[in-house]
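S.K.: sequence and predicted structure below; questions after.
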Amino acid sequence: LANAEYILRTRAGWGSPEARQQARAMLTLLRAWQVTGDRRFREGAKRYLDLEYQAKHVVDWRRGAYIQPTYENWRCISAGLNSMYAANIYEYYRLTGDVDAAQMVVAIADSVYAESMLPQEEGLGSFLFYVRYSRGAWYYTQMALLFHLAYDLTEDRRFLRFVIVRTDSLNV
């Protein structure tokens, strides 16, 4: 709760060019809201879903997801970080029924699917954890969750089919 209060006071992570900064603060506020019922925490969590702000500053809607400025001259969709962020947005949707949040989860899943999961050479970029992943990259489990969430929201079998194929290849 002390962390949640700190986040409310400082707006920690809000507007950060990094998805993990938004995701972690949002999750902390959601948990504090669940425990206390204090509306301030819910409103604080919603701030991290401010679609107007996000579209102007950190989300590339042409590509459909949170763009990670990895290096000054290279901005990519980090599948793992977007998956982490989308999981918290999905939880916000489940707790509030906010349809904009559900649509954002699907947009992120679509972009991760298109940019990170196309056929690829094994192991290309696995040491970086983005944009392409080897079958052993630990972000695969986060992406599997993202695609399960997208399937839950849309019943689009493309997402479910991807999860079955990818997690089966990990021998888990």
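M.R.: Okay, I see it. Numbering: from 1, shown residues only.
S.K.: give me the helices and strands touching the helix or strand containing V105, please.
M.R.: Per DSSP states H and E: V105 is located in helix 99-116. Where contact means 3 or more C-beta pairs under 8 Å, 6 or more residues apart in numbering; DSSP states H and E, helix 99-116 is packed against strand 65-66, helix 79-96, helix 139-154, helix 157-169. C-betas here are computed from N, CA, C, even on glycine.
S.K.: 6 Å instead?
M.R.: Counting contacts by 3 or more C-beta pairs under 6 Å, 6 or more residues apart in numbering; DSSP states H and E, helix 99-116 packs against helix 79-96, helix 139-154.
S.K.: can you put those helices in a markdown table and add mean pLDDT, distance to Y53 and mean neighbour count?
M.R.: A markdown table is the format used below for the helices and strands packed on helix 99-116 (pLDDT from 0 to 100; distance: least, C-beta to C-beta, whole Å; neighbours: other C-beta atoms under 10 Å):
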| stretch | mean pLDDT | distance to Y53 | mean neighbour count |
| --- | --- | --- | --- |
| helix 79-96 | 89 | 14 | 23 |
| helix 139-154 | 87 | 22 | 21 |
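S.K.: show me the one of the ones you listed that comes nearest G37.
M.R.: Nearest of these to G37, taken as C-beta to C-beta: helix 79-96 at 11.4 Å.
S.K.: the closest one vs helix 99-116, what angle?
M.R.: 160 degrees (axes from the mean of the first three to the mean of the last three C-alpha atoms, to 10 degrees).
S.K.: how about low-confidence regions in the protein?
M.R.: 17, 51, 54-77, 116-139, 163-172 (pLDDT under 70).
S.K.: so the residue lying closest to R24 once chain neighbours are set aside, which state does it fall into?
M.R.: Using C-beta to C-beta, 6 or more residues apart in numbering and skipping the chain neighbours, the partner closest in space to R24 is G13 (6.6 Å). Put simply, G13 is coil when judged by DSSP: H, G, I helix; E, B strand; the rest coil.
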